[in-house]
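In: Next come a sequence and a model predicted from it.
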Amino acid sequence: MAAGLEIAEDVLRYIVGYSSLLLELFGICVLVYTAVRCFARWLQHIQSIRLELAQGIALALEFKLGGEVLRTVVVREWSELGILGAIIALRAALTFLIHWEIKNERKALETGQKQEN
């Protein structure tokens, strides 16, 4: 019975490890894609790139935050949990600030469009 629990725990650790790496990879891909796309649009002098970049960064952070949350499943020590908690808190704060920036940027773009009309 104990051997079966150890095997199940190892399987869970591998699944969580690979899943969190996959989520982090998705976050990196989203961030790189958004950065390249926004740089190309910046060269074309398009006004909404700040909003698009902020949305891409927010989405990338959500993926990375998901990876960190998954890691909490297999944490064994309180020190690891503290470190993961701090990382999650920082990423959540960054996500909150970016969403606040997105809201303000949308208002600024809407105000600018209304003034042009």
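Out: Yep, that arrived.
In: Quick one: list the elements packing against the longest helix along the chain.
Out: Taking DSSP state H as the criterion, the chain has its longest helix at helix 2-43. Applying 3 or more CB pairs under 8 Å, 6 or more residues apart in numbering; DSSP states H and E, we find helix 2-43 packed against helix 49-71. From N, CA and C alone the C-beta is placed, and that goes for glycine too.
In: Pull out the buried residues from whichever helix or strand comes after the helix it packs on.
Out: Where DSSP states H and E defines the elements, the next helix or strand beyond helix 49-71 is helix 78-116. Neighbour-count burial for helix 78-116, with 16 or more other CB atoms under 10 Å as criterion, is recorded at Ile88, Arg91, Thr95, Ile98, Glu101, Ile102, Glu105.
In: Off-centre distance for helix 78-116?
Out: Distance, stretch centre to chain centre, for helix 78-116: 10 Å (CA atoms, centre = their mean, to the nearest Å).
In: Please name the spatially closest residue to Ala54 (chain neighbours excluded).
Out: Once flanking residues are discounted, Ala54 sits nearest to Ile102: 4.8 Å by CB to CB, 6 or more residues apart in numbering.
In: Surely the one you found is in contact with Leu53?
Out: No. Ile102 is beyond contact range of Leu53, at 9.8 Å (criterion: CB atoms under 8 Å).
In: contacts for stretch 102-114?
Out: Residues outside stretch 102-114 that contact it (CB atoms under 8 Å, 6 or more residues apart in numbering): Gln47, Ser48, Arg50, Leu51, Ala54, Gln55, Ala58.
In: Mind putting these into TSV with distance to Val30 and pLDDT?
Out: Putting these into TSV (distance: CB to CB, whole Å; pLDDT from 0 to 100) gives the following:
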residue	distance to Val30	pLDDT
Gln47	22	81
Ser48	18	83
Arg50	17	89
Leu51	16	90
Ala54	13	92
Gln55	10	93
Ala58	10	92
